[in-house]
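Q: return a 3D structure for these sequence lines:
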Amino acid sequence: MNIFQRTKLIKDKAFELGFSHVGISKAEFLEKEARNLEIWLKKEYHGKMSYMENYFDLRTDPRKLVPQAKSVITFLFNYYNPQKQSDKNAPKISMYSYGNDYHKVIKKKLRNLERFIVDNFGDISIRGFVDSAPVMDKAWAEKSGLGWIGKHSNLINKDKGSYFFIAELILDLELETDLPIKDYCGTCTKCIDACPTEAIIDPYVVDGSKCISYLTIELKEEIIPKEFHGKMDNWMFGCDVCQQVCPWNKFSTPHSEPLFNPSINLLDYTNKDWEELKEETFNQLFKYSAVKRTKFKGLKRNINFLKS
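A: Model (predicted):
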């Protein structure tokens, strides 16, 4: 089997498993991205996410994660859902967390693909990643021609917008690579203008310590800093504003993964329901959800901050 045949075989299997886009890059050192990451860390835009300072060499060179790696396969998985919360005054939850935790759902699909590749090509070194290891997923998606990194730092696909989860397989198998595409943001600044906390401080540069997703998920302090009072746009978990205003998301289409559908009654919860939320209800509602990351205490902190 030649390089083109094995590349097609792997891509076809990925589509069969539900991935919407697949791109391939040569496994190599990310020189430009390494420089940018170093600057970003020095300016402390990562806030209290100290883990971002770790494993710099692994983040910037996939061959440190998989010795002798030859290829990085990047996958996009659509999670767009046009359904909205019924109570417009209720605290808001990011669309990506409507259903089951994407880490687990997509990891299972990656494992299936890993087994398929080993069954077809023998005993090769291969590792899968879903936003859970030091891998610069958006950089690899861009290098693989799946889109470009927009001014809000999210990946934008020209045909389907930006509502995607990103995953990778790093492996020591040579495959046909894809070419990057151009940046189509142009002069648009809608995401920069719309950001409630002005976290997009320059085009393509996000101060993570000001991002609502960081404040409501990553920040583990007892209290959200007072400077963000009145600026949270009523988001209690994550934030979708920069994606909601992006013109490219007019091309988004609903996902077809049942496990990403909202848990029972989630979108019908009223402002009063959230204010009166009990831990038992939280555990039932978010049993399989990524919202569990905040724990009950964290979500209540966020809700109370929005009320204060």
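
Q: which residues does the residue nearest the centre of the chain contact?
A: In the chain, the C-alpha nearest the mean C-alpha coordinate belongs to F165, at 4.9 Å (C-alpha atoms, centre = their mean). Counting by C-beta atoms under 8 Å, 6 or more residues apart in numbering, F165 touches L76, F77, Y79, Y96, Y102, I106, V130, D131. Quick note: C-beta positions are derived from backbone N, CA and C, even for glycine.

Q: G238: which of those is nearest?
A: Y96 (6.7 Å; C-beta to C-beta).

Q: and the gap between the closest one and N81?
A: As defined by C-beta to C-beta, to the nearest Å, Y96 lies at a distance of 9 Å from N81.

Q: and L266, by the same measure?
A: 11 Å.

Q: now do the shared contacts for these two.
A: Y98.

Q: quick revisit: name the SS class of the residue nearest to the centre of the chain, please.
A: strand (DSSP: H, G, I helix; E, B strand; the rest coil).

Q: beta-bridge partners for it, please?
A: On the basis of DSSP bridges, F165 is bridged to F77.

Q: S256: how many residues sit nearby?
A: 9 (other C-beta atoms under 10 Å).

Q: hmm, it is touching G18, no?
A: Yes - in this structure, S256 is within contact of G18 by C-beta atoms under 8 Å, at 7.3 Å.

Q: for the helix ranked longest in the chain, give me every contacting residue.
A: Selection of the longest helix in the chain by residue count, based on DSSP state H, yields helix 102-121. For helix 102-121, contacts defined as C-beta under 8 Å, 6+ apart pick out 6, 9-10, 13-14, 17-19, 75, 77, 79, 96, 124, 126, 128, 130-132, 165, 167, 169, 171, 173, 257, 259-260, 288, 290.

Q: one more time with 6 Å
A: Residues outside helix 102-121 that contact it (C-beta atoms under 6 Å, 6 or more residues apart in numbering): K13, L17, F77, I126, G128, V130, S132, F165, A167, L173, L259.

Q: what of stretch 150-157?
A: Residues outside stretch 150-157 that contact it (C-beta under 6 Å, 6+ apart) are 138, 141, 147-149, 162, 185, 191, 200, 203-204, 206, 242, 248.

Q: then stretch 2-20?
A: Contacts of stretch 2-20 (C-beta under 6 Å, 6+ apart): V22, F75, L76, F77, N78, K109, F116, L175, E176.

Q: residue contacts, the fourth one?
A: With contacts defined as C-beta under 6 Å, 6+ apart, F77 is in contact with F19, I106, F165.

Q: check the first one too.
A: When contacts are counted by C-beta under 6 Å, 6+ apart, V22 is found next to K11, A14, F75.

Q: now do the SS call for it.
A: V22 ends up strand, using three-state DSSP.

Q: okay if I get the contacts of V22 as TSV plus neighbour count?
A: Converted to TSV, the contacts of V22 look like this (neighbours: other C-beta atoms under 10 Å):
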residue	neighbour count
K11	20
A14	24
F75	30
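
Q: can I get those residues in JSON lines including secondary structure, distance to E44 and pLDDT?
A: Listed next are those as JSON lines, based on DSSP: H, G, I helix; E, B strand; the rest coil; distance: C-beta to C-beta, whole Å; pLDDT from 0 to 100:
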{"residue": "K11", "secondary structure": "helix", "distance to E44": "40", "pLDDT": "98"}
{"residue": "A14", "secondary structure": "helix", "distance to E44": "38", "pLDDT": "98"}
{"residue": "F75", "secondary structure": "strand", "distance to E44": "32", "pLDDT": "98"}
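
Q: return the closest of those with respect to K300.
A: Ranked by distance to K300 (C-beta to C-beta), the contacts of V22 are led by F75 at 35.1 Å.

Q: ok, the residue lying closest to G238 once chain neighbours are set aside - contacts?
A: Closest residue to G238 apart from its sequence neighbours, by C-beta to C-beta, 6 or more residues apart in numbering: S94 at 2.7 Å. When contacts are counted by C-beta under 6 Å, 6+ apart, S94 touches F237, G238, D240.

Q: try it again at 10 Å.
A: Contacts for S94 were tallied using C-beta atoms under 10 Å, 6 or more residues apart in numbering; they are 212-213, 216-217, 235-241, 243, 290-291.
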